[in-house]
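Asker: Generate a structure from the sequence data that follows.
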Amino acid sequence: MAQPPLSPALSRFLLLILRAVAPALVMTVLSLGFLGQRVEDRAQGALLARASAPADLAPATGLVAVGTLFPESPQAAVADAVVVGANRRWHRGAALLLALGSVLAAMAASAIWQRSPSATPLSRRRWDSSDLHGGPMRVELRAALEQAGVDDAFVELRYHAKTFRSVTVQQGRVERTTVRRRDGVGVRVLADGTWGFAATGDASVAAIRKAIEAALAAARATASFRRQRLGGLPAVELAVGDFASEGIDELFARSLDERVQLALQMEARVRQGSSKLRSASSTYSEIFEDKSIVTSDGADVSFRLARPELSVNAVAEQDGQLTSASESIGVTGGWDCLFRQPPEALADAAARMAVDLLGAKVAEGGRSTVIMAPAVVGLLVHEAVGHTVEADFVIAGSAARGKLGQPVASELVNLCDSGVSEHARGAGGSLPVDDEGVVAGKADIIRNGRLVGYLHNRETAAHFGVAPTGNARAWEYADQPLIRMRNTYIEPGDSSLEEMIATTEDGFLVEGPRNGQADATGEFTFGVTSARRIHKGKLGELVRGVTLTGDAFDVLRSVDAISKEFAWDLGSGHCGKGQPAKVDAGGPYVRCQVLLGGEQA
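Answerer: Next comes the predicted model:
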């Protein structure tokens, strides 16, 4: 006889009890079983499907206390408490007790879960686009703003839901699968010339009103300590309406199993590339974002984004020498946008390069002519130039300070940052609107070699007396918007890559950015995976251990050729600046002068 379903309230209550009790029981068993034992853990289990609980507001400061995470399934609660993996030295008695306790806890949780509404195992769940509900949230935000009745301050409300999913495969095994969701409302208030911020994980009108009160109190409490108060925000055309990137519904319709199979197949493909390959890994991940922004001066907008990405890594070995190579792609869009070329091409390229590098010689050091591939150009313009023109860094004294209108590059160079995927489809940092409700259009940074603009939020735009550029971005709802890049690039030129190689007497074609550093002065050191020697207009041998060093603006001044070909090539991974951000960068092939270093560690 079928059991009647539990009510949602009772289901949640029982699951919360299990959530609280199960870890304590498990830890008790562990403490008894492992007393005096040395434990070696290598976790291989998955931490599945966690969702954010409402966060508590700090009433006077607008600070946020991150709430406890509640699982989307009871199995996730057990996974949180019990790390399942290989290579452990268990005390036999403790292991039996732990296994028995875990089985009983899972059985109890499953019984509760199966009798609760909408119970669907995560691995078989097909996510519905109705999980993203930014449009209706505009109604809630407007209601909260109206009911708050704040007439003497600027108020900005931002609802942000973010779902992150990933699967990592290494050596033929699924090492890690993750599903996380965060959602809530961030509130900023500009009162008495000072910002106050608060956030809440409860998106009800009542909770948002309390957050507005907390942010307002924080601003007024700290206004007297601010040396320079804001006189106001510049007038700008603010976004109104609903926007959505391509591919969201199609990506949601795919099951988690499809992602797992993709990662397994790509990792296996890498390992099968050569007998010299010793290890391989593959990671597929995706971010779904849903935002609604309402401000007291007219922004009323919602938008949805999907950002999938795939990366593969290969390690080859010969006579004790190890070499590695990786390939990745990340886009703003759907599955079809991500795989404009077959994913097998990434796996094959990584495997081939790792093996080829085993026979490559070490590059010679010294100043050299190089042709940078789009990915290396992207790294240069993002890290060594882009950060120096973020207006908050400019105010703090970056290399770009005081240089507006001055020549800083070759006249061939036109450098921009845009929320739109210019010149090619799917750039990984694309967004229609920034987190202040400003349309995220194209911002010119260098035009015909001259520095013509910085990247702004509304506050720095007021400081410089210019229009905002749509570069205010926050990682999650509890983060305040910062000035961040979106898609940064050099515009294509008139040459072809073949012409650039043919007219290079001696130099290198450098590809595959690996790592490096840059600072506010514009000085940088980047590693690249490989370089091919160019001699008398012909591509020659492969060399390894290459680093590129210089001053970004000096390098840009030396540019003498730019190709017609263009690509976005840095859409995977994140940019860090206090909080992560999804960005992209790229451009054409660019020929320039740079200091080329030898083998890197």
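Asker: neighbours around the residue lying closest to E317 once chain neighbours are set aside, how many?
Answerer: Closest residue in space to E317, ignoring its immediate chain neighbours: R278 at 4.5 Å, by Cβ to Cβ, 6 or more residues apart in numbering. C-betas here are computed from N, CA, C, even on glycine. For R278, the neighbour count with other Cβ atoms under 10 Å is 16.
Asker: Determine the set of other helices and strands touching the helix or strand where A198 lies.
Answerer: Using DSSP states H and E, A198 sits in strand 194-200. Packing partners of strand 194-200 (3 or more Cβ pairs under 8 Å, 6 or more residues apart in numbering; DSSP states H and E): strand 56-57, strand 64-65, strand 173-191, helix 205-222.
Asker: Touching that strand from outside, list them.
Answerer: The contact list for strand 194-200, computed with Cβ atoms under 8 Å, 6 or more residues apart in numbering, reads 54-55, 57-58, 62-64, 184-190, 207-208, 210-212, 214-223, 226, 229-230, 477-478, 480.
Asker: Sheet partners, orientation included, of it?
Answerer: Within its sheet, strand 194-200 is paired with strand 173-191 (antiparallel), according to DSSP bridges.
Asker: bridging residues for E523?
Answerer: D551.
Asker: what's the spacing between it and D554?
Answerer: Distance, E523 to D554, using Cβ to Cβ, to the nearest Å: 9 Å.
Asker: go on, A399?
Answerer: Distance, A399 to D554, by Cβ to Cβ: 11 Å.
Asker: more crowded one of those two?
Answerer: Per other Cβ under 10 Å, whichever of A399 and D554 has more neighbours is A399, with 22 against 16.
Asker: List the buried residues in stretch 508-516.
Answerer: For stretch 508-516, burial by neighbour count (16 or more other Cβ atoms under 10 Å) applies to F508, L509, V510, E511, G512, P513, R514, G516.
Asker: Now do the same contact list for the nearest residue to D348 once chain neighbours are set aside.
Answerer: Sequence neighbours aside, G273 is the residue nearest to D348 in space, at 6.5 Å (criterion: Cβ to Cβ, 6+ apart). Contacts for G273 (Cβ under 8 Å, 6+ apart) come out as A314, A347, D348, A351, R352, V355.
Asker: And the average pLDDT for whichever strand or helix holds the fifth one is what?
Answerer: Same thing as R352. Assigned by DSSP H and E, R352 falls within helix 343-356. On average, the pLDDT along helix 343-356 is 97.
Asker: Tell me, how many residues neighbour V452?
Answerer: If you count neighbours by other Cβ under 10 Å, V452 ends up with 17.
Asker: Over to the one 4 residues further on?
Answerer: Burial of H456 is recorded as 27 neighbouring residues (other Cβ under 10 Å).
Asker: thought it was touching P468?
Answerer: Yes - here H456 reaches P468: they are 5.1 Å apart, a contact under Cβ atoms under 8 Å.
Asker: now the strands for the stretch 201-350 of the chain?
Answerer: Applying DSSP state E, counting those that start in this stretch to the stretch 201-350 of the chain gives strands spanning 240-244, 277-295, 300-318, 321-330.
Asker: distance of the closest residue to V452 other than its chain neighbours from V389?
Answerer: Once flanking residues are discounted, V452 sits nearest to D444: 5.2 Å by Cβ to Cβ, 6+ apart. Distance of D444 to V389, given as Cβ to Cβ: 11 Å.
Asker: Compare those two and say which is more crowded by neighbours.
Answerer: Shown here are D444 and V389; by other Cβ under 10 Å, V389 has more neighbours (28 against 16).
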